[in-house]
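K.L.:
Provide a 3D model corresponding to the input given below.
(4 chains)
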2 protein chains.
Amino acid sequence: MPKVKTNGTREEAKLELANRLFFRLYQCANMLHKTGSRAVEVEGLTTQQWAVLGALSREGAQHGVSIGDLAKYLMVSRQNLAGLVGRMERDGHIAVAADTRDRRSRIVTMTAAGRRVWQDRALPKIHAYYDKVLADFSINDIAHALHYLLKMLEAMQRIDQGEPGADD
Amino acid sequence: MPKVKTNGTREEAKLELANRLFFRLYQCANMLHKTGSRAVEVEGLTTQQWAVLGALSREGAQHGVSIGDLAKYLMVSRQNLAGLVGRMERDGHIAVAADTRDRRSRIVTMTAAGRRVWQDRALPKIHAYYDKVLADFSINDIAHALHYLLKMLEAMQRIDQGEPGADD
DNA sequence: CCAGATATGACAATATATTGTCATAAGATG
DNA sequence: CATCTTATGACAATATATTGTCATATCTGG
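P.N.:
Residues are numbered from 1 along each chain as shown, chains lettered A, B, ... in the order given. Model prediction:
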């Protein structure tokens, strides 16, 4: 990931940049979790939990989301999400109930208390955090950065699913 | 992190994009670790370990790097790195020795076996992995993506260090 | 309808990541 | 030189993340 010595050819320059890109992605994600979780620490939340609350805030999620669907949306494993959800249930931010439509499944909803913490206390801090990190970014910058991450994400998803074209 | 309903103003559009950006960053990092670690799984490595080996491969790192310096370079905690390094030492990829210049400190070097695994087996797979994820990226795209991540990283570092301008 | 395939939560194991604390070592300052 | 401050690895606790496995539930196709 960190710098690998190159000899200046075009292909090697691309590799060098790729290396730097993935290394920075790694560092960025860790710094996001470090600084982001600190921003909502008083609310007893972490970045991952804010992702869950954000997902539960979406249009169409009021009646709850199954753990499986939530795991797919967040792109994390069921097992990891079960742990996340368990801690959030323990802290009263969410509730988990049996899914009446599928006896294997459980449905996650935000509690009223969770909603108050989320909307009244966490969201303002999250927005302030965004403002700070992206102080020097225009809307155009953000859109471009997002575009690149999305392209990488889609490629990694294809690799993950072992799709045609991912292995040649 | 996921979608929050907006009312169409410019500030809210920026927030919405920011939200998406951070959510994708989270997902991307997880997918990087998932697919990247799988790419070097046969070598018994993870993405985090490849970052360590990459760091130890740098010019000037042949005589070893202290755990403290490595932690700073990778932007991870000393404790986390100690765990990482311990597992890599266990697997014979690196060696750890007392630092003759500072009795508190330890120096990490790549072993000859680690070097062979890294250079002959992992690096080709890592490069193939980069080629796959970045198949549709030009050098210019990569440079731009890198630029944005770097800007975010620098901002988060400033926040982390509680520097002036990070809190207004 | 039934067999095979897939999905689900629970349980397990392991790796990664943070913060806090402590005894010891080193650096900074007057 | 003495005192205060900071750095280091070790230890601890907790959160996050993956894969594997299993019993049970559900879906799919003939």
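K.L.:
Need the phi and psi values for the residue nearest to A:G44 when sequence neighbours are not counted.
P.N.:
Nearest residue to A:G44, sequence neighbours excluded (Cβ to Cβ, 6 or more residues apart in numbering or on different chains): A:D91, at 5.7 Å. Every C-beta, even on glycine, is put in place using the N, C-alpha and C of the backbone. Phi and psi for A:D91, reported as degrees, to the nearest 10, are phi -90, psi 0.
K.L.:
Run a quick neighbour tally on A:D91.
P.N.:
16 (other Cβ atoms under 10 Å in any protein chain shown).
K.L.:
how close does it sit to B:R58?
P.N.:
According to Cβ to Cβ, to the nearest Å, A:D91 and B:R58 sit 43 Å apart.
K.L.:
Could you do A:R38 as well?
P.N.:
30 Å.
K.L.:
Can you give the domain ranges for chain A?
P.N.:
Following automatic domain parsing, one gets these domains for chain A: A:1-39, A:40-160.
K.L.:
Just the buried residues of the shortest one, please?
P.N.:
It stands for domain A:1-39. A:1-2, A:4, A:14-36, A:39 (16 or more other Cβ atoms under 10 Å in any protein chain shown).
K.L.:
just how off-centre is that domain within its chain?
P.N.:
19 Å (Cα atoms, centre = their mean, to the nearest Å).
K.L.:
Same list as before, the domains of chain A that is, but in TSV and with mean pLDDT included.
P.N.:
As requested, the domains of chain A are exported to TSV (pLDDT from 0 to 100):
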stretch	mean pLDDT
domain A:1-39	87
domain A:40-160	95
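K.L.:
Quick check: which of those is nearest to B:A95?
P.N.:
Among the domains of chain A, domain A:1-39 comes nearest to B:A95, with 18.9 Å by Cβ to Cβ.
K.L.:
so, in contact with chain B or not, that closest one?
P.N.:
Yes. Remark: domain A:1-39 sits within contact range of chain B at A:1-5, A:10, A:13-15, A:17-32, A:34-36, by Cβ under 8 Å from any Cβ of the partner chain.
K.L.:
Can you list which of these are found in strands?
P.N.:
Among these, no member falls in strands (DSSP state E).
K.L.:
Could you restrict these to the ones contacting DNA strand C?
P.N.:
A:26, A:30, A:34 (Cβ under 7 Å from any atom of the strand).
K.L.:
now these as TSV including distance to DNA strand D?
P.N.:
Below are those laid out as TSV (distance: Cβ to the nearest atom of the strand, whole Å):
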residue	distance to DNA strand D
A:Y26	13
A:N30	10
A:K34	11
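K.L.:
Sitting in helices, which of the residues you listed do you find?
P.N.:
Judged by DSSP state H, these include A:26, A:30, A:34 as members of helices.
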